[in-house]
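Asker: what shape does this take:
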Amino acid sequence: MSSTRDDVPDGVDSRTVETDRLETHYLESGDPDGSGETVLFVHGNVSSSRFYDHLLATLDDDHHVVAPDLRGYGDSETRVIDATEGLGDFTADLRALIADLGLESPLTIVGWSLGGGVAMQYALEEHSSVDSLVLINPVSPYGFGGTKNLEGTPCFDDYAGSGGGTGNDEFVSALADRDRSEGGEASPRKILRTYYVAPSHRFEEGREESYLTGMLDTVAGDENYPGDSRPSDNWPGIAPGETGVNNALSPKYFDCSSITEVDAEEKPAIHWLRGDADQIVSNESLFDIGALGQMGEVPGWPGEDVFPPQPMVDQTRAVFEEYEERGGTVEEVVFANVGHTPHVEVPGDVRETLEVVLE
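Answerer: Residues are numbered from 1 along each chain as shown. Next up is the predicted model:
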C-alpha cells in the first residue's frame with residue numbers, strides 16, 4: 001500500500017493498493033475503528049474520486065470512508081472493461097477492494113451517475129452486505145440509451161443508439177490529448193462547466209482545475225471510454241460493441257431493474273438524490289441519441305413512436321416505486337437549480353443528507 005496524490009484536502013489520505021484484480025487508487029478518511037458507518041463512494045463516468053475529495057474531508061471522522069478510482073479512471077490501473085458483463089468488472093473490482101481493505105459490512109454505498117449503476121448492481125449481487133444506497137443522479141436501472149417507456153423496452157433488437165458509438169469524437173480526442181483549453185463546444189472544460197454543473201454554478205478557487213484533471217485522467221479508447229461499436233441497419237447506424245464503459249452501460253448488457261426482487265428484509269434503504277437541472281441523466285438528456293434526434297441534431301430520426309428520448313428519471317422512479325411496493329424504502333431528495341453533480345454544487349446540503357442517512 002502506497003501514497004499517491006499529494007494535493008488532497010486535510011483529513012483525506014490518498015493510497016494505492018494491489019488487489020487480486022487491479023492496482024486501485026483510493027481516497028480514505030475517518031476512523032476504520034470508529035463507531036460510525038463504513039461508506040464507499042463510487043464516482044461517475046469521465047471523472048474520478050477527485051469529485052468527492054472535499055466532501056470526504058467534511059464528513060464525521062467516526063465514519064470510515066473509502067472512494068476508489070474505477071479501472072481506467074483517475075490513478076487506478078487501466079484494464080479492459082468487458083462490456084458483455086455489464087457493470088460486472090466494476091462490481092468485481094469493488095468486491096476485491098472491500099476484501100483487501102477488510103471493510104466492515106453492512107456498507108453504505110454512495111454512487112453518482114455511472115457509480116449509481118455500479119452501486120445498484122453491487123447491491124443486487126451482495127444485498128446482505130449493503131445497508132443503504134445513496135444514489136446521486138444515477139443512471140437509469142435500464143442503462144443509458146436505446147430504450148423507451150417505463151419498462152425499458154429496447155427501441156431496436158440490437159440496441160442501436162446506445163453504447164460506445166454514441167460518444168462524441170471531438171470530446172474523446174480532447175480527453176486523449178489532455179486538452180485543458182477553453183475553446184470548442186465539446187472541450188472537457190466546456191462540458192464540465194455546462195453539463196456537469198448547472199451553467200450558473202461558479203467553482204470555488206482551484207476546484208475547477210482539479211475536477212478537470214479528474215476528467216482528463218480517463219483513459220480514452222475502445223477498451224475503456226467510450227468503447228467500440230458495431231454497424232447497424234437501424235437508426236442511427238451504430239450498435240453496441242463488446243468493450244468499454246459506454247457499452248457496459250448499454251441496456252444490451254446492463255439492466256438492474258430486478259433489484260426490486262430482492263427479499264424485503266434484505267432490501268437496502270435507497271436515498272435518491274438528484275439535481276432538477278441535470279442535463280445528462282434526465283427525461284430529455286442532451287447526451288441521449290433519442291433526444292438529439294428529436295432536436296434535429298442527428299439526421300434521420302425515425303420519430304417519437306420508434307425512438308423517443310429515453311425517460312431516464314421516470315424509468316428510475318417507476319423501478320423505485322415497485323421497490324417500495326415490494327417492501328423496500330425509498331427517499332427522493334431534489335435539489336433546485338442544481339445539475340449533474342450535487343456533491344460539487346451544493347456539498348453542504350449533500351453532506352447533511354448523508355449524515356442523516358448515516359445516523
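Asker: contact partners for the spatially most central residue of the chain?
Answerer: The centre of the chain sits closest to Leu114, judged by C-alpha atoms, centre = their mean, with a distance of 1.9 Å. Under the criterion of C-beta atoms under 8 Å, 6 or more residues apart in numbering, the neighbours of Leu114 are 42-45, 70, 87, 139, 245, 249. (Glycine included, C-beta is placed from N, CA and C.)
Asker: what do you get if the cut-off is 10 Å, keeping everything else the same?
Answerer: The neighbourhood of Leu114, defined by C-beta atoms under 10 Å, 6 or more residues apart in numbering, consists of 42-47, 70, 73, 87, 90, 138-139, 144, 245-246, 248-249, 281.
Asker: mind checking which of these are in strands?
Answerer: Val42 (DSSP state E).
Asker: for the residue nearest to Pro199 when sequence neighbours are not counted, phi and psi?
Answerer: Excluding its sequence neighbours, the residue lying closest to Pro199 (C-beta to C-beta, 6 or more residues apart in numbering) is Arg193, at 7.1 Å. Torsion angles at Arg193 (phi, psi; degrees, to the nearest 10) stand at phi -70, psi -30.
Asker: number of nearby residues for Arg193?
Answerer: Each residue near Arg193 was counted by other C-beta atoms under 10 Å, and the total is 19.
Asker: I'd say it and Phe203 touch.
Answerer: Yes. The criterion here is C-beta atoms under 10 Å, and Arg193 meets it with Phe203 at 8.4 Å.
Asker: what sits in contact with each of those two?
Answerer: Shared contacts of Arg193 and Phe203, counting by C-beta under 10 Å, 6+ apart, come down to 211-212.
Asker: quick revisit: narrow the contacts of Leu114 to those in helices?
Answerer: 90, 245-246, 248 (DSSP state H).
Asker: out of the residues you listed, the closest to Ser187 would be?
Answerer: Set against Ser187, the nearest of the ones in helices among the contacts of Leu114 by C-beta to C-beta is Asn246 (19.2 Å).
Asker: which residues does that closest one contact?
Answerer: Counting by C-beta under 10 Å, 6+ apart, the residues that Asn246 touches are 45, 81, 83, 114, 143-145, 162-167, 224-229, 240.
Asker: not counting sequence-adjacent ones, nearest residue to it?
Answerer: Spatial nearest neighbour of Asn246, chain neighbours left out: Pro226 (4.1 Å); criterion: C-beta to C-beta, 6+ apart.
Asker: make JSON lines out of the ones in helices among the contacts of Leu114 and add pLDDT and distance to Ala291.
Answerer: Formatted as JSON lines, the ones in helices among the contacts of Leu114 follow (pLDDT from 0 to 100; distance: C-beta to C-beta, whole Å):
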{"residue": "Phe90", "pLDDT": "98", "distance to Ala291": "26"}
{"residue": "Val245", "pLDDT": "98", "distance to Ala291": "20"}
{"residue": "Asn246", "pLDDT": "98", "distance to Ala291": "16"}
{"residue": "Ala248", "pLDDT": "98", "distance to Ala291": "21"}
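Asker: just the buried subset of the contacts of Leu114, please.
Answerer: Buried members of the contacts of Leu114, counted by 16 or more other C-beta atoms under 10 Å: 42-47, 70, 73, 87, 90, 138-139, 144, 245-246, 248-249, 281.
Asker: alpha carbons only: can I get stretch 109-125 in CSV?
Answerer: What follows is stretch 109-125, C-alpha atoms only, in CSV (Å, rounded to 0.1, in the frame of the first residue of the first chain):
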residue,chain,number,x,y,z
ILE,A,109,-22.6,2.9,-0.9
VAL,A,110,-22.8,6.3,-2.4
GLY,A,111,-22.9,6.1,-6.2
TRP,A,112,-23.0,9.0,-8.6
SER,A,113,-24.2,8.7,-12.3
LEU,A,114,-22.3,5.6,-13.6
GLY,A,115,-21.4,4.9,-10.0
GLY,A,116,-25.1,4.8,-9.1
GLY,A,117,-25.5,1.9,-11.6
VAL,A,118,-22.4,0.2,-10.1
ALA,A,119,-23.9,0.7,-6.6
MET,A,120,-27.3,-0.8,-7.6
GLN,A,121,-25.6,-3.7,-9.4
TYR,A,122,-23.4,-4.4,-6.3
ALA,A,123,-26.4,-4.3,-4.0
LEU,A,124,-28.2,-6.7,-6.4
GLU,A,125,-25.3,-9.1,-6.1
